[in-house]
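In: Sequence and predicted structure are below.
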Amino acid sequence: MGEFELIRRYFATQTPTHTSVLLGIGDDAALLQPEAAELLVVSVDSLVEGTHFLPEIAPADLATRLLGAAVSDLAAMGARPAWFTLALTLPEANPDWLAAFAQSLSQRATELGIDLIGGDTTRGPLSLTAQVMGWVKPNQVIRRQGAQPGDLILVTGQLGDSRAGLQTLLEQAAETPEIAYLRQKFYRPEPRLAWAQHLAPWVSAGLDISDGLLADLNHLLAPGHLGAEIYLEQVPVSAALCLYQSDSHQRYQWALTGGEDFELCLTLPAALWSQQQSQWQAQGIEVQCIGQVSAQPGIRVWQGDHLFQPEQQGYDHFRRQDG
């Protein structure tokens with residue numbers, strides 16, 4: 001099967017849902033109609049075999065993992081998804097693999113409201129890159145800059161599930177309901193698109209948690225200028241994680257530093273929390289206050305009256321992870 005037959009058979013079958021797509025797959029480039037009075041948001045994510053996923057991953061799971069992680073960057077900015085491109089490097093053009101991957105990718109794209117408009121394919125070790133694009137109103141943008149001393153630190157959902165899901169795969173653990181839940185969290189990130197758009201008018205800064213809570217929180221704290229007090233008992237973890245991992249130290253290690261939860265970490269002026277908390281809860285937004293921004297640099301994690309010492313701060317592709 002040649003490159004263009006591969007594209008035609010597996011990726012050029014979906015009709016774009018956005019009227020802004022004037023020309024999609026099939027030409028040298030896509031033609032898009034800009035939205036009036038809105039900002040274009042662009043991000044890119046890559047997944048590489050052995051770094052981001054195990055060699056034995058099912059193609060359908062790889063598709064949902066790629067697109068969920070990429071679209072989460074749009075959620076982090078308060079944006080609405082519109083389009084994406086896909087660069088796919090494959091060791092061979094296996095029809096069964098491609099059919100399963102393409103079907104899952106198309107289904108997940110429909111769920112997330114994003115159209116595939118082009119890309120590239122080539123031969124080589126398995127890797128994937130998705131460039132995602134979306135729209136946001138200028139007054140709805142969530143940025144990393146803006147946190148102030150005294151702001152509360154919020155997170156959505158629960159933390160640590162994705163890292164635990166990976167652990168179950170590494171251990172080849174027999175599947176139970178809680179292990180199935182954790183693996184789903186690893187394979188199928190859920191970008192907090194709607195939640196971010198509800199929260200955007202109120203928060204002072206924010207991002208999504210990809211490298212671990214502590215590592216990503218540092219980006220909100222103008223490193224060297226601000227710090228944070230985090231209260232461990234307020235960090236949300238799921239019932240499934242508690243059932244799988246009975247060691248509370250390990251649970252919180254994963255919650256603080258495991259990464260790839262793709263939840264939101266946000267800062268909020270303290271006076272707004274009591275005003276907004278019940279309203280957000282009524283809207284079904286799962287958001288928890290876990291600490292406060294401090295004028296004293298550094299992140300301190302408190303377990304009661306004592307400081308909790310995490311074994312690492314989070315993931316960094318270009319830093320040794322064993323020390």
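Out: Thanks, I have the structure now.

In: Show me what the lowest-mean-pLDDT helix or strand in the chain is in contact with.
Out: For the chain, counting by mean pLDDT, DSSP states H and E, helix 222-225 ranks last in confidence among helices and strands (a mean of 79). For helix 222-225, contacts defined as CB atoms under 8 Å, 6 or more residues apart in numbering pick out 145, 147, 297. C-betas here are computed from N, CA, C, even on glycine.

In: among these, which ones are buried?
Out: residue 147 (16 or more other CB atoms under 10 Å).

In: okay if I get the contacts of helix 222-225 as TSV plus pLDDT, secondary structure and distance to residue 119?
Out: Shown next, in TSV, are the contacts of helix 222-225 (pLDDT from 0 to 100; DSSP: H, G, I helix; E, B strand; the rest coil; distance: CB to CB, whole Å):
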residue	pLDDT	secondary structure	distance to residue 119
145	94	coil	32
147	97	coil	36
297	95	coil	43
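
In: Of the contacts of helix 222-225, just say which sits nearest to residue 243.
Out: residue 147 (34.6 Å; CB to CB).

In: dump the residue contacts of that closest one.
Out: By CB under 8 Å, 6+ apart, the neighbours of residue 147 are 204, 205, 220, 221, 222, 226, 267, 293.

In: same question, residue 304
Out: Applying CB under 8 Å, 6+ apart, the residues contacting residue 304 are residue 233.

In: again, 10 Å this time
Out: 231, 232, 233 (CB atoms under 10 Å, 6 or more residues apart in numbering).

In: Now do the same for it: its pLDDT.
Out: You'll see residue 304 listed with a pLDDT of 94.

In: Near residue 279, how many residues? Count them for me, please.
Out: Residue 279 sits with 11 neighbouring residues when counted by other CB atoms under 10 Å.

In: From residue 154, how far off is it?
Out: 14 Å (CB to CB, to the nearest Å).

In: and for these two, which residues touch both?
Out: residue 202.

In: for the stretch 51-200 of the chain, what spans make up the helices?
Out: 59-76, 95-112, 161-170, 177-187, 193-199 (DSSP state H, counting those that start in this stretch).

In: Return the list of helices and strands in contact with the third one.
Out: Under the contact definition 3 or more CB pairs under 10 Å, 6 or more residues apart in numbering; DSSP states H and E, helix 161-170 sits against helix 177-187, helix 239-244, helix 248-257.

In: how about that helix: buried residues?
Out: 161, 162, 163, 164, 165, 166, 167, 168, 169.

In: again with the second one
Out: Applying a neighbour-count criterion of 16+ other CB under 10 Å, one finds 97, 98, 100, 101, 102, 104, 105, 106, 108, 109, 112 buried in helix 95-112.

In: where's it relative to the chain centroid, distance-wise?
Out: 19 Å (CA atoms, centre = their mean, to the nearest Å).

In: quick one: it to helix 59-76, angle?
Out: Orientation of helix 95-112 against helix 59-76 (axes from the mean of the first three to the mean of the last three CA atoms, to 10 degrees) gives an angle of 30 degrees.

In: Cross-check the contact I'm expecting between residue 42 and residue 130.
Out: No: in this structure residue 42 lies outside contact range of residue 130 using CB atoms under 10 Å: 11.5 Å.

In: Mutual contacts of those two, please.
Out: Common neighbours of residue 42 and residue 130 (CB under 10 Å, 6+ apart) are residue 73.

In: For those two, indicate the residue with more neighbours.
Out: Neighbours were counted for residue 42 and for residue 130 using other CB under 10 Å; residue 130 has more, 25 against 13.

In: On the strand side of things, show who that one bridges to.
Out: On the basis of DSSP bridges, residue 130 is bridged to residue 45, residue 86.

In: For it, which residues are in contact?
Out: Taking CB under 10 Å, 6+ apart, one finds 43-47, 63, 66-67, 69-71, 73, 84-88, 105, 114, 116, 119 in contact with residue 130.

In: Pull out the buried members of these.
Out: Buried among those (16+ other CB under 10 Å): 43, 45, 47, 63, 66-67, 69-71, 73, 84-88, 105, 114, 116, 119.

In: so what's the closest residue to residue 258 other than its chain neighbours up against?
Out: Nearest non-adjacent residue to residue 258, counting by CB to CB, 6 or more residues apart in numbering: residue 163, 2.7 Å away. Residues in contact with residue 163 (CB under 10 Å, 6+ apart) are 182, 185-186, 212, 241, 245, 250-251, 253-255, 257-261, 315.

In: likewise residue 125?
Out: Counted by CB under 10 Å, 6+ apart, residue 125 has contacts 48, 49, 50, 89, 90, 91.
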